[in-house]
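In: sequence unknown, structure follows:
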């Protein structure tokens, strides 16, 4: 019987925004160290605040100390972030099983936020219908994609999923 090699992981800082003083604020994300290329990592979970990333994305580490990375390959996962001022546990109980039934995963649970990863092939309409239904049930809840729109303007679709469709 052969033993499966354990995954080596590391915590890396990612820029999550800037504070009132204009200084960067960092979010720590867990990444798998890739044996075949020591300068590359794969994110194990989608981020709460860092933009343009999702679980499974492969990155080249340019300079971890300054949170500089180059996106090498998208996993195909969408990062979905859900926020609510209070009682997130109710939303979690309502939404998480439904997203997991579609093949998604719950990557983060906190008092005021949930983060999900779900493959784009499920279909934007199916995902959005489910999230909008949750918003109807919990009107003080909001949700956003973390890696669908340009981080600079927040509205221009990145359309990276179209490239994945043409690769098939």
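Out: Received the coordinates, thanks. Predicted model, so just to flag it, every value in this text is computed and none were measured.

In: Please, where are all the strands along this structure?
Out: Applying DSSP state E to the chain gives strands spanning 9-18, 24-33, 40-43, 58-63, 68-73, 77-83, 105-109, 113-119, 142-145.

In: Same list, the ones you listed, but as a markdown table with mean neighbour count and distance to residue 92 please.
Out: Yep, even glycine has a C-beta here, placed from its N, CA and C like the rest. A markdown table is the format used below for the strands of the chain (neighbours: other C-beta atoms under 10 Å; distance: least, C-beta to C-beta, whole Å):
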| stretch | mean neighbour count | distance to residue 92 |
| --- | --- | --- |
| strand 9-18 | 15 | 22 |
| strand 24-33 | 16 | 20 |
| strand 40-43 | 22 | 22 |
| strand 58-63 | 15 | 28 |
| strand 68-73 | 14 | 29 |
| strand 77-83 | 23 | 9 |
| strand 105-109 | 17 | 6 |
| strand 113-119 | 23 | 6 |
| strand 142-145 | 16 | 13 |
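
In: can you put these in TSV and add distance to residue 98 and mean pLDDT?
Out: Formatted as TSV, these follow (distance: least, C-beta to C-beta, whole Å; pLDDT from 0 to 100):
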stretch	distance to residue 98	mean pLDDT
strand 9-18	27	95
strand 24-33	25	96
strand 40-43	24	97
strand 58-63	29	97
strand 68-73	29	96
strand 77-83	12	98
strand 105-109	11	98
strand 113-119	10	98
strand 142-145	13	98
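
In: As TSV, those with distance to residue 160 would be great.
Out: Below are the strands of the chain laid out as TSV (distance: least, C-beta to C-beta, whole Å):
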stretch	distance to residue 160
strand 9-18	18
strand 24-33	19
strand 40-43	15
strand 58-63	13
strand 68-73	9
strand 77-83	10
strand 105-109	19
strand 113-119	13
strand 142-145	12
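
In: So for residue 154, which of those strands sits nearest?
Out: Nearest of those to residue 154, taken as C-beta to C-beta: strand 142-145 at 8.8 Å.

In: Give me the contacts around the closest one.
Out: The contact list for strand 142-145, computed with C-beta atoms under 8 Å, 6 or more residues apart in numbering, reads 78, 79, 80, 81, 82, 83, 84, 131, 134, 135.

In: Mind doing that once more with 10 Å?
Out: Residues from elsewhere that reach strand 142-145, judged by C-beta atoms under 10 Å, 6 or more residues apart in numbering: 51, 54, 78-85, 91, 95, 114, 116, 124, 127-128, 130-132, 134-135, 154, 157-158.

In: Fine by me, thanks again.
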